[in-house]
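# the following comprises the amino acid sequence and a computationally predicted model.
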Amino acid sequence: MTGPPRSDPRPETARLAGPRCDPPEVTPGSGDPGAPSERLARDLLRVEVDGREFFLLGTAHVSRESAEAVREAVAVLAPDAVCVELDDQRFQALLNPRRFEELDLLQVIRERQLATLILNLVLASYQKRLGLDLGVAPGTELLAAAEEARARGLPVALCDRDVRITLRRAWAALSPWRKLRLVSELLVSGFDSEPLGEEELRELRRRDVVSELMEELGRALPELKRVLIDERDAYLAQRIRETGGRRILAVVGAGHVAGMRRALEEDGSADLAVLETLPPPSPWLRLVGWAIPVGILGALLAVGLRHGAAAAGQSALYWIAINGGLSGLGAALALAHPVTVASAALAAPLTSLTPVIGVGYVAAFVQTWIRPPLVRELREVARDMAEPRRWWTSRLLRIFLVFGLSTLGSLAGTWLGGAEILADLFGGP
């Protein structure tokens, strides 16, 4: 299987998929070498640029109809190459659904990537459950496109941007309040168990519905739409341009079709190096990260100078107790192992004094080491995330709870303890 002639493919994980955005320009009974059916013609858009034909097939990533339409498109259009909204990592994950079982969770925690993993799983959970409700795995149509092309000896280009770059660019683009809003909405959607049927997915293919969805996203979180939709439209279009051949079939989520059409028809090309650039860490975030421990230690020193060493010692003990106690309580609420609870309580006062590592990673590491997740839980995590009770019965999801609740406990303790130290500093004789 081959990729784009000049660039390496990039991965992508779960995202909201919506069907096509523009009316088709291919009609049944026309075209060479074959004529698409009415179903295929409805979802297919032809764009001609500089003597090359680009066929954009908008799909729903959990629709059985889309998988069937993809196979038909490859057979009927006989393209020179097939582009799919995947990269090698996600493609391998589709080929091997149990690949997640090989994940070294301890290594993920050591590299401080647990929060990214949780976000990926939350994003995947809703789409995964749609697939389970419909009896079709998410991404089936993308895998079908690659397999059909391979069976016919056609090159396959994996054209999407690395999801880690996309998520980091999206996260960096949001203000703190918008980040909080995004996380809360993702968690709410993760627990939403209302199923969608094939008829509802078919309804999403209509232009007005998809346009409204894109406009709503743009109004609510314009920074997020720019990174998740607009940038990836340009990125996918440029990858397709770089794919060899005169007649190219691109299989993408239909929410990208309209933007990709505009990008293909515009003069010039997107700068992939710019779109792949990771945003630098915010200097303000680094400043705040160090300002808190410096402020705590400075306030304790001031208490000692103003009220004596005994008063400073009392303030320090209170800060240690409230910080460690609330972090340990958070781990206990997650039903963590007693050793994990003790680790959170002991580590929180120390980790709060440095932005290098958080207590959540310490507690999650200990919990994973003592109670490693079961293979079955690794297979079913995307589905289990939708069931609140499973967060306390699944070893894997309990690790995520330990991470989150111990972190929240430490944050609360840091602010409560800091407030008490300031009260000791400015109060009393």
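Happy to help now that I have it.
# where does the stretch 301-429 of the chain have low pLDDT?
Scanning the stretch 301-429 of the chain for pLDDT under 70 picks out the ranges 374-379, 382, 386, 428-429.
# show me where it has its helices.
For the stretch 301-429 of the chain, the helices defined by DSSP state H, counting those that start in this stretch cover 309-333, 338-351, 359-370, 375-384, 390-393, 395-426.
# looking at these, which is nearest to residue 143?
Of all the helices of the stretch 301-429 of the chain, it is helix 375-384 that lies closest to residue 143, at 16.7 Å by CB to CB. In short, each C-beta sits where N, CA and C put it, glycine included.
# before we move on, the earlier item: deepest-packed of the helices of the stretch 301-429 of the chain, please.
The highest average neighbour count among those, using mean count of other CB atoms under 10 Å, belongs to helix 359-370 at a mean of 25.
# tell me the angle that one makes with helix 395-426.
Here the directions of helix 359-370 and helix 395-426 differ by 140 degrees (axes from the mean of the first three to the mean of the last three CA atoms, to 10 degrees).
# which secondary structure elements does helix 359-370 contact?
With contacts taken as 3 or more CB pairs under 8 Å, 6 or more residues apart in numbering; DSSP states H and E, helix 359-370 sits against helix 105-110, helix 114-134, helix 309-333, helix 338-351, helix 395-426.
# neighbouring contacts of it?
105-106, 109-110, 112, 114, 327, 331, 336-337, 339-340, 343-344, 347-348, 351-352, 398-400, 402-404, 406-407, 410 (CB atoms under 8 Å, 6 or more residues apart in numbering).
# and stretch 237-246, by the same measure?
Counting by CB under 8 Å, 6+ apart, 4-7, 9, 51-54, 79-81, 83, 155, 157, 159-160, 248, 250, 259-260, 263-264, 269-270, 272 sit against stretch 237-246.
# then it to CSV, C-alphas only?
The C-alpha trace of stretch 237-246 is given here as CSV (Å, rounded to 0.1, in the frame of the first residue of the first chain):
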residue,chain,number,x,y,z
ALA,A,237,-7.0,19.3,0.1
GLN,A,238,-3.3,19.8,-0.1
ARG,A,239,-2.5,16.2,0.6
ILE,A,240,-5.0,15.2,-2.2
ARG,A,241,-3.2,17.7,-4.5
GLU,A,242,0.1,15.9,-3.7
THR,A,243,-1.3,12.5,-4.6
GLY,A,244,-0.2,11.3,-8.0
GLY,A,245,-2.7,10.6,-10.8
ARG,A,246,-5.3,12.5,-12.9
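# using ChimeraX, define a selection of the buried residues within the contacts of stretch 237-246.
To isolate the buried ones among these in ChimeraX, judged by 16 or more other CB atoms under 10 Å, type:
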select :4,9,52,53,54,79,80,81,83,155,157,159,160,248,250,259,260,263,264,270,272
